[in-house]
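*Asks:* Quick one: sequence plus predicted model below, questions after.
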Amino acid sequence: MKGNDIIQHIRQVAYFLVLLLVVLLVHISYIQIIESGSYAAHPLNRRSTEYAKSIQRGTIYDRNAKVVANSEKTSNGYQRVYPYGAKLAHIVGYDNEKLGKAGVENTFNGYLAGINTPERGLGAVSRLFVSTHAYDLVLTIDSQLQEVGYRALGNNRGAVVALDPRTGEILAMVSKPSFDPNQIESIWEELSRSEESPLLNRATNGLYPPGSIIKPMFAEAALTENIANTKRIFNCTGVLKIGPDYTLTESNHQVHGEVNLEQALIVSCNTTFGSLALELGRNRVEKTFGRYGFNKKTGEELQETSSRLPEFSRLGDGDLAQLGIGQGSLLVTPLRMAMLASTLANKGILMQPFIVSRITNENGNVVKNYVPVEWLKVTDAQTATLISKMMVSVVEQGTGTAAYITGAKVAGKTGTAENPHGKSHAWFIGFAPADNPRVAVAVIVENGGAGGQVAAPIARRIFEQALR
Amino acid sequence: MNAAWFDERLILLLGSLVALAGIIAVNMTAATINYPVIIAVSGLIFSWFVAQAIIRRKGHLGDPLLLPIAIMLVSIGLVMLFRLKPTLLLYQALWVFVGICAFSVSAFFFRNIDELAEYKYLCGICGVLLLLSAILFGVDIGGNKNWVIIGPVRFQPSEFAKLFIVVFLAAYLNERSRLLTLVNRKFGPLALPPIRFIAPLLVVWGLTMMMFILQRDLGSALLFFGIALLMTYMASGKLHYVVMGACLFLLGALICYSLYSHVQVRVDIWLNPWSDPNGKAYQIVQSLFALGSGGILGSGLTYGFPNLIPEVHTDFIFSAIAEELGLAGAAAVLILYILMIYRAFRAALLAERNFTSLVAAGLAAATALQIFIIIGGVTKFLPLTGITLPFISYGGSSMVANFIVLGILFAISEKRPYDERQ
């Protein structure tokens, strides 16, 4: 006969085992629903690379529909071709099986490789929508302007950034020395060993002391914080004594005498801006850097290196005065300086810089559109216009005359930033036409010397091309 | 004609459609038509309908859900195998055919399973010999050292040993179920059963430890020890046997962990696969990627990359299903297994005698444990072990052995009390 006990025990074991399998089902659901995304996008997961081989990688166009990267079919799969070579290398980057990805090829890989498609997640049904060509990118870059910037920099190390101040579109972004992405694999060893760091995108990842190009920001801060008005007179004796053992001097031992704010900017008077920084004090200087967004990231897509700001509360008076002339521990990227120019050009409103204007499918239909975004309201239009007028004078009669062009007013500011690596860095920021700006630029030539002589002429060529 | 037999055919048809549609879909994406495979699969479909017809025509009243569930799993497995290793499909189709024959024969043969109780020691010895053969003569194929090669034949004895061990334990435990409910000798807080009762359990424990150490086969060790523990519990109802057994196993496992580096490696991989994702933990990490990339609905058949996982067609076939068919497919497989386990236990509960109940329950527990261990292993729920997924993994031994298990369950499911019969 059959014992009831056994029945009961079998039932308990059955419950237990079915429970184990149900727990397993929950565990699998957790992996495939909650953790799905992170596993799918994991860098060690080769699926995206494998998938990318089966589909033609998207084409990258500049703003005028010129091809800057495309995939050509060869006997063994697709070959990525970059028609502009070194000129756009830092923006477009590269896509190499061994070396990985860089630039837009990296940040927008999901679209270019056809992984980020809305059909994904529909399972087998997604096969109905599948195409052999992934999404294309349209950049905000004007490759002609880029070429002009590339040529203008010559054999110097440095960077050029040009923005449309009204929208934040990056029109050109040159970094030198550059490299040919078409040959990335064969020249990799050399590139990675080179002391000139050709792989570094100086425009977004190079950190430099800004020097005098920071002065328009301090002029604006002085006006906004009511430290000075346009009529206040500063007396430049050539030396600013701070405390018992610190003095700030003018370059080349100049003495500017009695100057107002505009004249101080025109001659780039160090003592005036040093004392303005002192009068503003640590808190208001910190607030100013905050207003311009120096402590805010420009977004994932640009992968910009954060600016190095001093620890304001611990700043000594000497360092504070140094900050007013863009020296000391402050380090910024050329992109940030182009954004500074762009803010003053766009009536105090800083647009978020961006580099991809839209993503399209193979039929040219827009999949994703990037619209201009108002990033920060830095200052009011009136103050911005005042500073802008002062900067026009800088180009018409001051240190920036080399950036002067006929046919449009140029606003600008030069900088000659002392640094521990030798000769000063030559800087120029500016925008044009001053009354209705269409382009804002920042130029840096590493160890180039005087900004007015080296950087300003490069900016001039950008203005001429951009306003053509 | 019984209405249940009609439903049975209907579900068989469903399974057949899964197989046929899947094979055709994979053919279509390859843009070539593999006629031998289509013919072989059509032949298989024909064969399982014939088997069903013969079994019912001969008046067998076995559970009408068991065969269709197995066929559904077999169909999913065939499609997946065709997608992963098309060259192996014809072999697998042959094994499925042999399996169906084995099922049909055992469905009738084991109708009088009670008589097997007489041969329990023979069964026990067979089981132990099979396990020992794997332990002593095991050859490493695809990372698992549980293959035995005799001339041209290679098979995994542990798949068959499972059967014998369950029958032996059922008979042995059933005979002594009285004994164990009687007086126990007390050792402090522990109430130990008479040594005679636990002797075979100690033998199984010893065998599993040998498997663990010599074969590095954690999965089989866990499986056989789990079977022994669960069957002891079902026969005796004494929880402390289970606790004691589990402690013994844990003790053994701990000793092995401290003594043998390969055990340490297995456990360390399980605890933290990300410390060496491209080396020792490669398989499990790839398996997790497959599951994650599959998501809810999967990549679609043939559109995933399950071949990135080594040994995907045997131990890791579940990961391939989860990648290409998504959670939908993985859950379907798991729910089919749960249904099958449920029907198997139902047969155990409705069987007329303790022995048959224990055999059915033992086989059900063995199958459930095996599924839990392998799926748990490839999804990092448990340390990874190399055992097969019943009815789905590639391999003849596993396929035939599992069809025999199914046949026994089918035979037992017929022995219902009269009020349950239709």
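*Replies:* Nice, I can see it.
*Asks:* who's in contact with the closest residue to residue A:308 other than its chain neighbours?
*Replies:* Distances taken as CB to CB, 6 or more residues apart in numbering or on different chains place residue A:331 nearest to residue A:308, at 3.8 Å, with adjacent residues excluded. In short, each C-beta sits where N, CA and C put it, glycine included. By CB atoms under 8 Å, 6 or more residues apart in numbering or on different chains, the contact list for residue A:331 reads A:207-209, A:307-308.
*Asks:* Out of those, which two sit at the greatest distance?
*Replies:* The distance between the two most remote of these (CB to CB) is 10.9 Å, for A:209 and A:307.
*Asks:* what's the overlap in contacts for the two?
*Replies:* Joint contacts of residue A:209 and residue A:307 (CB under 8 Å, 6+ apart) are A:330-332.
*Asks:* What separation do you get for residue B:297 and chain A?
*Replies:* Separation of residue B:297 from chain A (CB to the nearest CB, to the nearest Å): 3 Å.
*Asks:* pretty sure that residue contacts residue B:324?
*Replies:* No: using CB atoms under 8 Å, residue B:297 makes no contact with residue B:324, being 10.1 Å away.
*Asks:* where do the strands sit along chain B?
*Replies:* B:139-141, B:144-150, B:153-155, B:185-187, B:190-192 (DSSP state E).
*Asks:* Residue B:297 and residue B:324: who's more crowded?
*Replies:* residue B:324 (26 against 19; other CB atoms under 10 Å in any protein chain shown).
*Asks:* What residue, apart from its backbone neighbours, is nearest that one spatially?
*Replies:* The shortest distance from residue B:324 to any non-neighbouring residue, by CB to CB, 6+ apart, is to residue B:304 (4.3 Å).
*Asks:* Could you list which residues are in contact with the one you found?
*Replies:* A:47, B:290, B:293-294, B:298, B:320, B:323-324.
*Asks:* which is the next helix or strand following the least confident helix or strand in chain A by mean pLDDT?
*Replies:* Every helix and strand of chain A was ranked by mean pLDDT, DSSP states H and E. The lowest is helix A:47-53, at a mean of 76. Using DSSP states H and E, the helix or strand that follows helix A:47-53 in sequence is strand A:60-61.
*Asks:* Run me through the strand neighbours of that following strand, direction for each.
*Replies:* Taking DSSP bridges as the criterion, strand A:60-61 forms sheet pairs with strand A:67-74 (antiparallel), strand A:136-139 (parallel).
*Asks:* Show me the shaky parts of the chain.
*Replies:* Using chain A here. Chain A contains residues with pLDDT under 70 at A:1-3, A:116-124, A:126-131.
*Asks:* Not quite, go with chain B.
*Replies:* B:1, B:140-146, B:150-154, B:177-198, B:415-422.
*Asks:* on that earlier part again, so which of the strands paired with strand A:60-61 gets nearest residue B:173?
*Replies:* Of these, the one closest to residue B:173 (CB to CB) turns out to be strand A:67-74, at 67.4 Å.
*Asks:* Buried residues, that closest one. List them.
*Replies:* A:68-71 (16 or more other CB atoms under 10 Å in any protein chain shown).
*Asks:* interface residues of the stretch 151-300 of chain B facing chain A?
*Replies:* Selection of the stretch 151-300 of chain B residues close to chain A by CB under 8 Å from any CB of the partner chain yields B:177, B:230, B:233-237, B:277-278, B:285, B:288-289, B:291-300.
*Asks:* Only the buried subset of the residues you listed, as a ChimeraX command please.
*Replies:* To isolate in ChimeraX the members of those that are buried, counting by 16+ other CB under 10 Å, one can use:
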select /B:177,230,233,234,235,236,237,277,285,288,289,291,292,293,294,295,296,297,298,299,300
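*Asks:* Can you get me the start-to-end distance on stretch A:304-321?
*Replies:* Here the two ends of stretch A:304-321 are set 27 Å apart, with distance taken as CA to CA, to the nearest Å.
*Asks:* which residues touch that stretch?
*Replies:* Stretch A:304-321 has contacts (CB under 8 Å, 6+ apart) with A:204-207, A:240, A:242-243, A:246, A:248, A:274-275, A:277-278, A:281-283, A:285-286, A:289, A:294-295, A:297-298, A:323, A:328-333, A:335-336.
*Asks:* Can you say which of those residues are buried?
*Replies:* For those, buried by 16+ other CB under 10 Å: A:204-206, A:240, A:242, A:248, A:274-275, A:277-278, A:281-282, A:285-286, A:289, A:294, A:298, A:323, A:328, A:330-333, A:335-336.
*Asks:* and the residue of chain A nearest chain B?
*Replies:* Relative to chain B, the nearest point of chain A is residue A:39 (2.2 Å; CB to the nearest CB).
*Asks:* I'd like to know how far the closest residue to residue B:377 other than its chain neighbours sits from residue B:268.
*Replies:* Computed as CB to CB, 6+ apart, the closest residue to residue B:377 that is not its neighbour in sequence is residue B:384, at 4.4 Å. To residue B:268, residue B:384 is 11 Å away according to CB to CB, to the nearest Å.
*Asks:* same check, this time on residue A:417
*Replies:* 53 Å.
*Asks:* more neighbours, the two?
*Replies:* Neighbour count, other CB under 10 Å: between residue A:417 and residue B:268, residue A:417 has more, with 25 against 17.
*Asks:* Just to be sure, the more buried one is in a helix?
*Replies:* No: according to DSSP: H, G, I helix; E, B strand; the rest coil, residue A:417 belongs to no helix; its state is strand.
*Asks:* doesn't residue A:425 make contact with it?
*Replies:* Yes: if you go by CB under 8 Å, residue A:417 and residue A:425 touch, sitting 4.4 Å apart.
*Asks:* what is in contact with these two at once?
*Replies:* A:208-209, A:211.
*Asks:* State which strand of chain A is the longest.
*Replies:* Assignment by DSSP E; longest strand in chain A turns out to be strand A:422-432.
*Asks:* just checking, what packs against the helix or strand that comes right after that one?
*Replies:* For strand A:422-432, the following helix or strand on the C-terminal side (DSSP H and E) is strand A:439-445. Applying 3 or more CB pairs under 8 Å, 6 or more residues apart in numbering or on different chains; DSSP states H and E, one finds that strand A:439-445 makes contact with strand A:158-163, helix A:334-345, strand A:422-432, helix A:451-466.
*Asks:* okay, those in CSV with distance to chain B next?
*Replies:* Below are the helices and strands packed on strand A:439-445 laid out as CSV (distance: least, CB to the nearest CB, whole Å):
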stretch, distance to chain B
strand A:158-163, 37
helix A:334-345, 35
strand A:422-432, 43
helix A:451-466, 45
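*Asks:* So for residue B:397, which of the ones you listed sits nearest?
*Replies:* Judging the helices and strands packed on strand A:439-445 by CB to CB, what sits closest to residue B:397 is helix A:334-345, at 65.3 Å.
*Asks:* chain center to the closest one, what's the gap?
*Replies:* 10 Å (CA atoms, centre = their mean, to the nearest Å).
*Asks:* relative orientation of that helix and strand A:422-432 in degrees?
*Replies:* For helix A:334-345 against strand A:422-432, the angle by axes from the mean of the first three to the mean of the last three CA atoms, to 10 degrees is 40 degrees.
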